[in-house]
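1. Sequence first, predicted coordinates after that:
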Amino acid sequence: MLKRTALFSAHQKLGARLIGFGGWEMPVQYTSITDEHLAVRNAAGIFDISHMGEVTVSGAGAADFLNSILTNDIRKLTPGIGQYTLMCNERGTVIDDLYAYRLCGDVYFLIINASRIEPDVAWMQAQTAKFSRRSELSLTDASHNYAAVAVQGPRVKEFINAVIPGASISAMRVNAVTDLKKNQIGGFKFEHQSVLVSRTGYTGEDGFEIVGSDDAIRHVWDKTLAAGAPFGVKPCGLGARDTLRTEVCYPLYGHELDEETTPIEAGVGFFVSLDKGEFNGRSVLAGQNAVGVKKKLVAFKMTDKSAPPRPHYPIWANGAGVGIVTSGTQSPSLNIGIGMGYVPPEFAKRDTRIEIEIRGKRFAAVVAPKPIYKKS
Amino acid sequence: MSNIPSDLKYTKSHEWVRVSGDTATIGISDHAQAELTDVVFVELPEVGRKVKAGEACAVVESVKTASDIYSPVSGEIVEVNKPVTDKPDLVNTEPYAGGWFFKIKLSNPAELNALLSPEDYKKQIDG
């Protein structure tokens, strides 16, 4: 039985097409993936991301604990700031990728992938058992307490203050939502409740992610569609979310990341702090960083006219199969086939000629710098 | 409301068939194009290929997925719609006109009797 978010009836009213994703019944599109994608690139879009999980970690031991299980250095976070980070096992492969926010003092808030809530929480609890200062630590899966939306696009800053008016009351103190800078998070009063607003997203555009109670997020959704209407805001589904993140080469767990892949292989080594001290997977990741990897994530563009590349299609180079596509689509912004996939490092340099096998035939493509799509 | 022209026959898999003499023209219905949305690529069979009724012989791709197109009847492919491979959105904008896929010379015209009437097709998609 698929779970439904607080916005389920809103999606039905809008005529969304619904699919199963990470155990949830989610909108894949409302009108068309291309229209929704272009709305986010050119104006604004709102996504239901209530399926994502939330974990709070607090206490005097919280920072040291998180630094022992996450790859990025949590000590870089001052209150009201977040960072992209990864959780690895001892083999250095990825259990999940996530955002970690420091709300205040010893209180941290993690946003994790919907499909990974159970394995993540089980893993974190097992890690607390090994943590010597576990008595100074409280870890709670708060996923069922929260709904969330992402409001993304270049025009969002023109109306978001009308949706959530006023100054923040916790975390980063600002006079208005639009005063938040990238990766900052603030708590705001919203209709006698409070919501957390961060300037983050998964589209490559400016925007905000808003987390709150079911009731608060239902009102944020309605108010955003109303206040954003003059600016061209559209409700957007997971289809556009996927094409948007693929154009800017953000990894998606289950595609680019899994328990057979390390952050170094996935090209997100920037978020691995090898010098912060010991953490799960550190020795493997340090080794890969020093001597290199056997597979590397590349972005590519089709140069032949072809059907769009799709996940699991074989990648060829010099007449041999060398890798596998992990994400692929027709790019609505560029109107060409684009994708990402793993290849041995000798084929990972930009401009390397590769081929993508589509239904038994091979079509020319070229390794492209990330992101594939850049705002001009 | 999707458009279901009364002079065509249909399949459960949402192809339409227009018969003229011993030749059938095949495309996908307005309902099917609306379900697919944003057709970005069409792959057509080669002229001269012999196909059986129910055989997958073309592919239509939207942003999200690839879908097979099945020949509703048996016969030989005698013509394909090249322009739709250059302008795949014709499938969305003119599913019954410029968005057609291929023409088949019928080898067993009796198969036409097994296709759905416009009324039966409407009942199917109204579920």
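-> Received the coordinates, thanks. Numbering: from 1, shown residues only, chains lettered A, B, ... in the order given.

2. From here on, just use CA atoms for contacts and neighbour counts.
-> Will do.

3. and the lowest-mean-pLDDT helix or strand in chain A, which residues are buried?
-> Here the helix or strand of chain A ranked lowest by mean pLDDT, DSSP states H and E is strand A:17-21, holding a mean of 93. By 16 or more other Cα atoms under 10 Å in any protein chain shown, the buried positions in strand A:17-21 come out as A:17-18, A:21.

4. and the nearest residue to A:M302 once chain neighbours are set aside, how many residues sit next to it?
-> Residue nearest to A:M302 in three dimensions, not counting chain neighbours: A:A365, with 4.1 Å by Cα to Cα, 6 or more residues apart in numbering or on different chains. Per other Cα atoms under 10 Å in any protein chain shown, the neighbour tally for A:A365 reads 26.

5. same deal with A:E260?
-> 10.

6. tell me the secondary structure for A:H144?
-> Here A:H144 is recorded as helix under DSSP: H, G, I helix; E, B strand; the rest coil.

7. Now the element after the least confident helix or strand of chain A, going C-ward?
-> strand A:24-29 (DSSP states H and E).

8. which residues sit in contact with the residue nearest to A:M302?
-> The contact partners of A:A365, taken as Cα atoms under 8 Å, 6 or more residues apart in numbering or on different chains, are A:300-304, A:353-356.

9. Quick test: name the residue nearest the centre of chain B.
-> Centroid check for chain B by Cα atoms, centre = their mean gives B:G27 as the closest residue, at 2.4 Å.

10. Tell me who's in contact with A:A286.
-> A:L274.

11. Which elements pack onto the lengthiest helix in chain B?
-> Of all the elements of type helix in chain B, the one with the most residues (DSSP state H) is helix B:118-126. Secondary-structure packing of helix B:118-126 (3 or more Cα pairs under 8 Å, 6 or more residues apart in numbering or on different chains; DSSP states H and E): strand B:9-10.

12. Can you give me the distance of the residue nearest to the centre of chain B to B:P83?
-> 14 Å (Cα to Cα, to the nearest Å).

13. same question, A:S9
-> From A:S9 to B:P83 the distance is 41 Å (Cα to Cα).

14. List phi and psi for A:F190.
-> Main-chain torsions, A:F190, degrees, to the nearest 10: phi -140, psi 110.

15. Based on its surroundings, how many neighbours for it?
-> 18.

16. Nearest spatial neighbour of it, chain-adjacent residues omitted?
-> Nearest to A:F190 is A:I164, by Cα to Cα, 6+ apart, at 6.3 Å.

17. Can you check the pLDDT for B:D126?
-> B:D126 carries a pLDDT score of 86 in this model.

18. Tell me how far A:H192 lies from chain B.
-> 40 Å (Cα to the nearest Cα, to the nearest Å).

19. My error: substitute A:V94 in the last question.
-> Taking Cα to the nearest Cα, one finds A:V94 at 26 Å from chain B.

20. does that residue have beta-bridge partners, and which?
-> Counting by DSSP bridges, A:V94 is bridged to A:C88.

21. same deal with B:I28?
-> Applying DSSP bridges to B:I28 gives these bridge partners: B:E15.

22. what sits against it?
-> B:I28 sits in contact with B:14-16, B:91, B:95-96, B:100, where contact means Cα under 8 Å, 6+ apart.
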